[in-house]
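J.: Next comes the sequence, and after it the predicted model I'd like to discuss.
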Amino acid sequence: MKIPATVITGFLGAGKTTLIRHLLENANGRRIALIINEFGDLGFDKDLIQGCGIEGCEDENVIELANGCICCTVADDFLPVMEKLLDRDEPPDHIVIETSGLALPKPLIKAFNWPEIRSRVTVDGVVAVVDGPAAAAGRFADDPQAVQRQRESPNNSAGLPDHDNPLEEVFTDQVQAADMILLNKADLLKDGEEAHLVADLAAAARDAVHIVPTRHGRVDIAVLLGLEKAAEDDLDSRPSHHDGADDEHDHDDFDTFTVELGDVADPAALEDRLLAAITGHDILRIKGFIHVPGKDMRHVVQGVGPRIQRYYDRPWNGDEARRSTLVVIGEKGLDRAAIEELLRKPLGH
């Protein structure tokens, strides 16, 4: 019997890691192995998962692929990891794969047809997590009305917009690959936006794909695990911008870098500085951990567009350096020097 695997995709900051934490908290004894892929050097998502204190998220069950987006490193990174998981004396009951927010799902789904693993594992389903407020703001389309007209055009049989927008390209590929779409952060939507977004997503998605509004990634795991879609056998129904191009995909449209800040005595003042950097430089994502002098707890910082979240998640471990490190992700052309200067300027200036 094949081991089921669930691919969780979604753009930067949509809530994939929050969803995975919810899955672990409600696993009910099911052995779940996690493969986490990030765009950036910090290893934030794995560290955040392992700091949650949930049974089942120990080191051996959480594997990080940090050599770039998983869609570009399938042969070098993903397949060897899958073989190791499948060869365990006690293999997992279910494998959950969190892709980078910039990854295209289809090359990963294709990898499940590789002879090394095809007879042993199947893609139970592809779940796309959508950031509701970002989608409502038109973040993934320069002109949402023009995109809708393009979808409805008789010359657009695949339902894919022609716009040369790197955010739109990634977002649309993720939606088109999905067996289920979670419209996350629904609690942050204004009146009427949820219904409009559900309709828009239904028009963009494949036929009969369930769209579920969620808050904080909370959804019955029985809904997510057990879709039995065998997505690797259904590739032709999942169109991609890179079909017919040997799946060539790079991330030249995006930049990422890490900023070391040192101790941060006033996290609220740093938040104001982060907001200025995000709005002034159109940063897509900021995430990381900071050390607040006098506090034994690690402080988490997450920014998605203009929305910034901060909280203490766990005590610093005795053997880890108490550092303040942030990873910054945006479209190509980020002014790294200006952003670093702004973030490193002494607070109060």
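T.: Right, received. Where do you want to start? Residues are numbered from 1 along each chain as shown.
J.: residue boundaries of the helices in the stretch 101-250 of the chain?
T.: 105-111, 132-136, 144-152, 166-177, 193-204, 221-224 (DSSP state H, counting those that start in this stretch).
J.: Where does the prediction get shaky in the chain?
T.: Within the chain, the ranges that satisfy pLDDT under 70 run 38-62, 64-76, 141-164, 244-252, 347-349.
J.: what lines up beside the top strand by length along it in the sheet?
T.: With secondary structure taken from DSSP state E, the chain has its longest strand at strand 121-131. Using DSSP bridges, strand 121-131 pairs in its sheet with strand 3-10 (parallel), strand 180-184 (parallel).
J.: got the helices of the stretch 101-250 of the chain as CSV, with distance to residue 282 columns?
T.: All C-beta atoms are positioned from the backbone trio N, CA, C, and that covers glycine. Putting those into CSV (distance: least, CB to CB, whole Å) gives the following:
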stretch, distance to residue 282
helix 105-111, 25
helix 132-136, 13
helix 144-152, 18
helix 166-177, 11
helix 193-204, 22
helix 221-224, 33
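J.: The residue nearest to the spatial centre of the chain: what's it in contact with?
T.: By CA atoms, centre = their mean, the mean C-alpha position of the chain lies nearest to residue 101, the distance being 3.8 Å. The contact partners of residue 101, by CB atoms under 8 Å, 6 or more residues apart in numbering, come to 10, 11, 12, 13, 14, 16, 39, 170, 285, 329.
J.: Mind putting the strands paired with strand 121-131 into JSON lines with distance to residue 234 and mean neighbour count?
T.: Below are those laid out as JSON lines (distance: least, CB to CB, whole Å; neighbours: other CB atoms under 10 Å):
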{"stretch": "strand 3-10", "distance to residue 234": "13", "mean neighbour count": "25"}
{"stretch": "strand 180-184", "distance to residue 234": "14", "mean neighbour count": "26"}
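J.: Redo those as TSV? Include distance to residue 209.
T.: Below are these laid out as TSV (distance: least, CB to CB, whole Å):
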stretch	distance to residue 209
strand 3-10	13
strand 180-184	6
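J.: Nearest to residue 333, out of the ones you listed?
T.: Closest approach to residue 333 among those (CB to CB): strand 3-10, 24.0 Å.
J.: can you tell which of the strands paired with strand 121-131 is closest to residue 110?
T.: Per CB to CB, nearest to residue 110 of those: strand 3-10, 11.5 Å.
J.: The closest one vs helix 166-177, what angle?
T.: Here strand 3-10 runs at an angle of 150 degrees relative to helix 166-177 (axes from the mean of the first three to the mean of the last three CA atoms, to 10 degrees).
J.: Which element is encountered next along the chain beyond strand 3-10?
T.: Once strand 3-10 ends, the next helix or strand along the chain (criterion: DSSP states H and E) is helix 16-25.
J.: List the buried residues for that following helix?
T.: Buried residues in helix 16-25, counting neighbours by 16 or more other CB atoms under 10 Å, are found at 16, 17, 18, 19, 20, 21, 22, 23, 24.
J.: In contact with the fourth one, which residues?
T.: So that's residue 19. Contacts of residue 19 (CB under 8 Å, 6+ apart): 8, 127, 129, 182, 184, 214, 217, 219.
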